[in-house]
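In: What follows is a protein structure lacking sequence information:
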């Protein structure tokens, strides 16, 4: 076990590497962070001489003030960006005056530094090359900072080793994924993006909408499953949650051609593929056990469905009792390697959280899992569909309300409904019928109650459940007395 004395240098070194220190002691053997001052000066000089051309290029290439090593260069570039976004003219004399008026001149190095930058006279053709050099040095500094921070935290012997490992992995992956997207967008940029999306939506462009589920009424109410959203589908056991999930996966992956990842904590990958295959072929596999011999037409449908499945980019992980940290790590890798666009999870209450707080409280554990799933959706910028179990509330109701679910029936934690952007409650009235005659009358009738929609309307979505195919299709609206 390292002593406090042994741990201190690692922490101090991690701290010292975050920013350049011009007053560093001569005895300090800490190596200087990677940097490229010449290319930094070249970029700023080109911008000062022709801001419309070169600052526009820098913005297009997502260069940010964090990419600059020297604090004076970073402050100046940040101020130039602000002036450009406000539409102000950028030229040396007025720039010096504005910085002086705002008390920022010294932070940018003073008049002498600005004059030196303006007269640096770089070769314009080298602008992109110099910009790449500056970005590369920034990546190297990020790696060093992340590595030293990880060393420091590891020496501190955290109780939550799995959580630390997840955090370190996320930090390392973020260097690759976010070095060009770490700039906080301005309000002007955000408004512009919203208006562009609105115009595309008005024009009926598919790209402006979320990923369709294959159920027209649900898609109209939600405008599709959008990046960063967490969609919870909850029901009592035997209602068909997994079937509905796989029907949506089928539409997204096979009909939409989008790479998708399924985590199944309950069923094996073989069982899920079997369901998917026969549902796609619209063949009731249960007939085989009753002595039915598939016809040539049946075999043709099954073979076509198998060919389609072989060609799609669907990844199934059937790890039982997977932890939220393990799930997030696997999802990140699939996003990086396969560019997955959709995740489905079956189901929330079968997952685990390994933190010490979660060991003593099931409610706390579910809350951590729910928050982790929502965080994953935002981090990967893709929609996540997750199934959840309802408590016995629906069975405890009487009269025409028996079996009808409510959001408050979500088991073990109110944080699920808080984290979710969409909550759909699935139920089939026939399950609660008192007589065989009533069961026959209600057979196949189902509804998905969209109880929460953060960005749109809520309501009832009629479905038809074809039990022999384990498939939900768009159905006729239920009459009030059938609910």
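Out: Done, it's in. A quick note: this is a predicted structure, and the numbers were derived from the prediction, not measured. Residues are numbered from 1 along each chain as shown.
In: Show me where the stretch 201-350 of the chain has its helices.
Out: 216-222, 241-250, 269-281, 286-289, 296-311, 324-338 (DSSP state H, counting those that start in this stretch).
In: Show me what the longest one is packed up against.
Out: Secondary structure elements in contact with helix 296-311, counted by 3 or more C-beta pairs under 8 Å, 6 or more residues apart in numbering; DSSP states H and E, are helix 269-281. All C-beta atoms are positioned from the backbone trio N, CA, C, and that covers glycine.
In: Repeat the analysis, applying 10 Å as the threshold.
Out: Under the contact definition 3 or more C-beta pairs under 10 Å, 6 or more residues apart in numbering; DSSP states H and E, helix 296-311 sits against helix 241-250, helix 269-281.
In: same deal with the third one?
Out: For helix 269-281, the helices and strands in contact under the criterion 3+ C-beta pairs under 10 Å, 6+ apart are helix 241-250, strand 260-264, helix 296-311, strand 314-317, strand 471-474.
In: Residue 462 belongs to a helix?
Out: No. The assignment for residue 462, made by DSSP: H, G, I helix; E, B strand; the rest coil, is strand rather than a helix.
In: how distant is stretch 217-225 from the center of its chain?
Out: Computed by C-alpha atoms, centre = their mean, to the nearest Å, the chain-centroid distance of stretch 217-225 equals 19 Å.
In: ditto for stretch 154-165
Out: Mean-position distance between stretch 154-165 and its chain equals 24 Å (C-alpha atoms, centre = their mean).
In: State the mean pLDDT of that stretch.
Out: Averaging pLDDT along stretch 154-165 gives 73.
In: Make 32 the first number, not 1, from now on.
Out: Okay, using 32 as the starting number, the last item reads as stretch 185-196.
In: For it, buried residues please.
Out: The neighbour-count check on stretch 185-196 (16 or more other C-beta atoms under 10 Å) flags 186, 193-196 as buried.
In: Start and end of it, how far apart?
Out: 9 Å (C-alpha to C-alpha, to the nearest Å).
In: ok, now stretch 320-329?
Out: Length of stretch 320-329, first residue to last, C-alpha to C-alpha: 16 Å.
In: do stretch 483-499 as well
Out: Taking C-alpha to C-alpha, stretch 483-499 runs 30 Å from one end to the other.
In: Mean confidence (pLDDT) on it, please.
Out: What stretch 483-499 shows for mean pLDDT is 88.
In: one step back: any idea which of the helices of the stretch 232-381 of the chain is most buried?
Out: Most buried of the helices of the stretch 232-381 of the chain by mean neighbour count (mean count of other C-beta atoms under 10 Å) is helix 272-281; its value is a mean of 23.
In: quick check: angle from that helix to helix 327-342?
Out: Angle, helix 272-281 to helix 327-342, by axes from the mean of the first three to the mean of the last three C-alpha atoms, to 10 degrees: 70 degrees.
In: for the record, mean pLDDT for helix 272-281?
Out: The model assigns helix 272-281 a mean pLDDT of 92.
In: Ok, stretch 459-476 next?
Out: pLDDT averaged over stretch 459-476 gives 77.
In: in stretch 138-156, what counts as buried?
Out: Judged by neighbour count using 16+ other C-beta under 10 Å, the buried positions of stretch 138-156 are 138-140, 144-145, 148-149, 151, 153.
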